[in-house]
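Enquirer: please work out how this folds:
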Amino acid sequence: MLKSFRSDRQGGVAILFALAAIPLTVATGASVDYSLVAQQKVHLQDAVDASALAGAILNSLADGGRIAEAERIFAANFPDHYFVQPTISIDLDTVTVSASLPAPMAFMGIIGIDNIQITASATAIKSEGSPVCMLALNPNQSGGVRIETATRRGN
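Expert: Below you'll find the predicted structure:
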């Protein structure tokens, strides 16, 4: 009987599919969880950025008023604000806001990863003159920050 079992080739694909289904399911679940975490990270970073800018722009208020306004802006921009309390620090014209939250995993809990910590931070500095907003993804990269004037000389 053992000899006939070893020589029988029927059903081999079903066994391979059954063995491959587990890692494929985990990989699919991980990609779904990752996309949800990335979306939450974007929303959290947007709220932190807006909060830091609001705190920096209102430098005519006392620090307590600037913190309260930054918290209000954060709450208005992050729909799940009741889970997150931003940390806001003010040093003269510089406002730094950071926040973090645990993002629950829908599928990765199968392999023991229940949540991932998402963090975001932003620093805004109020300067004199016209307001300028500048974003540099990598300020150390050549051309990462490039400023040009808008004036032209006439002929």
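
Enquirer: immediately after whatever helix or strand residue 17 lives in, which helix or strand?
Expert: According to DSSP states H and E, residue 17 maps onto helix 12-57. Per DSSP H and E, the first helix or strand lying C-terminal to helix 12-57 is helix 63-77.

Enquirer: got a list of contacts for whichever helix or strand comes after that next one?
Expert: Counting by DSSP H and E, the next helix or strand C-terminal to helix 63-77 is strand 87-91. Surrounding strand 87-91, the residues in contact under the criterion CB atoms under 8 Å, 6 or more residues apart in numbering are 51, 55, 63, 66, 67, 70, 71, 95, 96, 97, 98, 99. Bear in mind the C-beta positions are built from the backbone N, C-alpha and C, glycine included.

Enquirer: which ones are touching the fifth one?
Expert: I take that to be residue 67. Counting by CB under 8 Å, 6+ apart, residue 67 touches 55, 88, 90.

Enquirer: could you identify which of those residues has the most neighbours?
Expert: residue 55 (30 neighbours; other CB atoms under 10 Å).

Enquirer: now the residue nearest the centre of the chain: how far from residue 24?
Expert: The chain has residue 41 as the residue nearest its centroid, 2.2 Å off, counting by CA atoms, centre = their mean. Using CB to CB, to the nearest Å, residue 41 is found at 26 Å from residue 24.
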